[in-house]
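Asks: this is a predicted model, with the sequence first.
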Amino acid sequence: MVKPVVNTEVDAVITWVDGNDKNWQEKINTYSETKINFSSEKHLKRYNSIGEIDIAIKSIIEFAPFVKNIFLVTDNQSPDSFNTLKKNALSKNINLELIDHKVIFKGYEEYLPCFNSCSIGSMLFKIPNLSEHFIIFNDDTFLMRETSVSDFFINEQPIIRGQWQEFNENRKLRKAYHKILSLLGKTEKKGKTSFKKFQQNSAKLAKTDKYIRRFHTPVCLRKSTLQNFFENNDILKNNIKHRFRNANQFIVSSLSEHLEIKKNTFHYRNNSQLTYFRSYKKLWLTRVKLNRFEKNKSKLFITFQSLDMADENTLQYILNWIKKQMD
């Protein structure tokens with residue numbers, strides 16, 4: 001068995017927006033063709049923030065002590081608790097730093113402001129002083145158990161978590177489905193900007209035969225992989241020009257993974273090591289899933305998608321559970 005290299009310098013990167021910020025709300029509505037009603041339940045679900053970013057940062061500080069820097073990428077925003085979080089990070093010899101969009105879009109300022117995670121993500125490798133090895137975290141995905149470098153990189157090669165799948169156009173059942181739609185005189189919606197489509201777009205750029213449909217876990221990348229690709233492929237501007245999502249875009253994290261797959265410079269895990277929440281309608285089910293996480297010592301990550309949609313009792317139970325894990 002090959003022993004993993006454990007002295008690899010690793011940074012963490014989180015992209016974050018405070019959807020409650022009135023200035024940001026006014027800015028996005030200035031550029032959006034369809035004005036957003038931020039008081040509606042639909043848009044509260046997408047943009048509301050109840051302090052998840054604090055938990056995400058604290059979880060990295062607590063459970064990933066090997067991290068050198070935590071870069072929080074924002075559009076002229078800062079969490080209210082940033083100074084306290086920075087002190088907590090320094091106590092573990094971790095540097096917590098705010099990175100504004102203007103920094104990573106230097107030389108490409110005409111594409112700002114940007115409200116598109118696909119475009120913003122494409123520029124993360126330009127963070128000044130970013131380590132060769134870095135991990136992208138979503139602000140709703142938390143570490144909830146002690147981790148080491150070898151949970152993300154083995155011998156300096158990234159671990160990729162997901163399921164191998166055929167491209168849509170190669171799937172027999174999908175072809176049959178489209179044939180039935182055609183016979184019924186119906187067509188599937190074109191230009192759908194699904195996460196699945198973005199992953200397939202990314203894999204096709206890397207020219208892999210299949211693609212890995214990623215789990216909702218942190219993603220491990222190497223900066224040089226992206227630098228080399230963009231130096232030899234003039235497509236970066238075409239991806240970041242979209243202020244809002246476009247069906248033809250790729251996501252840089254998935255592109256990086258498939259470039260590593262193409263070179264066979266990766267380690268594959270079909271076990272997500274993840275507990276995933278996207279519904280909070282039944283408190284008893286939330287309790288069961290959290291209890292299972294505690295018992296399954298292989299689990300590392302928890303994702304609480306749209307946590308602000310939980311009722312008060314469920315939300316308080318979850319926050320108390322998280323606090324208990326970190327105490």
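Replies: Noted; the coordinates are in hand. Numbers count the residues shown, from 1 in each chain.
Asks: low-confidence ranges, this protein, go.
Replies: Low-confidence segments of the chain, defined by pLDDT under 70, span residues 1-6, 41-49, 170-193.
Asks: strands along that one, start to end?
Replies: For the chain, the strands defined by DSSP state E cover 10-15, 67-74, 95-100, 133-137, 141-143, 153-154, 157-165, 211-214, 219-222, 267-269, 274-277, 301-304.
Asks: the shortest one - contacts with which helices or strands?
Replies: Think strand 153-154. Contacts defined by 3 or more C-beta pairs under 8 Å, 6 or more residues apart in numbering; DSSP states H and E place strand 153-154 against no helix or strand at all. (Each C-beta comes from the backbone N, C-alpha and C, glycine too.)
Asks: dump the strands of the chain to JSON lines, plus mean neighbour count and distance to Asp21.
Replies: Rendered in JSON lines, the data for these read as follows (neighbours: other C-beta atoms under 10 Å; distance: least, C-beta to C-beta, whole Å):
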{"stretch": "strand 10-15", "mean neighbour count": "22", "distance to Asp21": "15"}
{"stretch": "strand 67-74", "mean neighbour count": "22", "distance to Asp21": "10"}
{"stretch": "strand 95-100", "mean neighbour count": "17", "distance to Asp21": "14"}
{"stretch": "strand 133-137", "mean neighbour count": "24", "distance to Asp21": "21"}
{"stretch": "strand 141-143", "mean neighbour count": "24", "distance to Asp21": "22"}
{"stretch": "strand 153-154", "mean neighbour count": "22", "distance to Asp21": "35"}
{"stretch": "strand 157-165", "mean neighbour count": "19", "distance to Asp21": "32"}
{"stretch": "strand 211-214", "mean neighbour count": "20", "distance to Asp21": "29"}
{"stretch": "strand 219-222", "mean neighbour count": "25", "distance to Asp21": "26"}
{"stretch": "strand 267-269", "mean neighbour count": "14", "distance to Asp21": "37"}
{"stretch": "strand 274-277", "mean neighbour count": "18", "distance to Asp21": "25"}
{"stretch": "strand 301-304", "mean neighbour count": "23", "distance to Asp21": "21"}
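Asks: among these, which comes closest to Ala89?
Replies: With respect to Ala89, and counting by C-beta to C-beta, the nearest of these is strand 95-100 at 4.0 Å.
Asks: quick one: work out the angle between the closest one and strand 10-15.
Replies: 40 degrees (axes from the mean of the first three to the mean of the last three C-alpha atoms, to 10 degrees).
Asks: sheet partners, orientation included, of strand 95-100?
Replies: Using DSSP bridges, the neighbouring strands of strand 95-100 in the sheet come out as strand 67-74 (parallel).
Asks: what's the spacing between the strand it pairs with and its chain's center?
Replies: 14 Å (C-alpha atoms, centre = their mean, to the nearest Å).
Asks: now it against strand 133-137, angle please.
Replies: For strand 67-74 against strand 133-137, the angle by the same axes, to 10 degrees is 50 degrees.
Asks: other residues contacting strand 67-74?
Replies: 9-18, 53, 57, 60-61, 79, 82, 89, 94-101, 104, 120, 124, 127, 129-131, 135 (C-beta atoms under 8 Å, 6 or more residues apart in numbering).
Asks: CSV for the strands of the chain, including distance to Phe198?
Replies: Written out in CSV, the entries for those read as follows (distance: least, C-beta to C-beta, whole Å):
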stretch, distance to Phe198
strand 10-15, 15
strand 67-74, 18
strand 95-100, 23
strand 133-137, 14
strand 141-143, 17
strand 153-154, 24
strand 157-165, 14
strand 211-214, 10
strand 219-222, 13
strand 267-269, 20
strand 274-277, 19
strand 301-304, 18
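Asks: what is the longest helix along the chain packed up against?
Replies: With DSSP state H setting the assignment, residue counts place helix 312-326 as the longest helix in the chain. When contacts are defined as 3+ C-beta pairs under 8 Å, 6+ apart, helix 312-326 sits against helix 52-63, helix 283-295.
Asks: what lies in contact with the longest one?
Replies: So that's helix 283-295. Counting by C-beta under 8 Å, 6+ apart, helix 283-295 makes contact with 144, 275, 277, 280, 299, 302, 310-311, 313-314, 317-318, 321, all of which sit outside it.
Asks: filter those residues to the buried ones?
Replies: Of the members of the contacts of helix 283-295, the ones counted as buried by neighbours, 16 or more other C-beta atoms under 10 Å, are Met144, Thr275, Phe277, Tyr280, Lys299, Ile302, Ala310, Thr314, Tyr317, Ile318, Trp321.
Asks: hmm, back to that, which one of the strands of the chain lies nearest to Glu260?
Replies: Of all the strands of the chain, strand 157-165 comes closest under C-beta to C-beta, at 5.8 Å.
Asks: show residues contacting the closest one.
Replies: Strand 157-165 is contacted from outside by 133, 151-153, 210-215, 217, 220-222, 256-257, 260-261, 265-274, using C-beta under 8 Å, 6+ apart.
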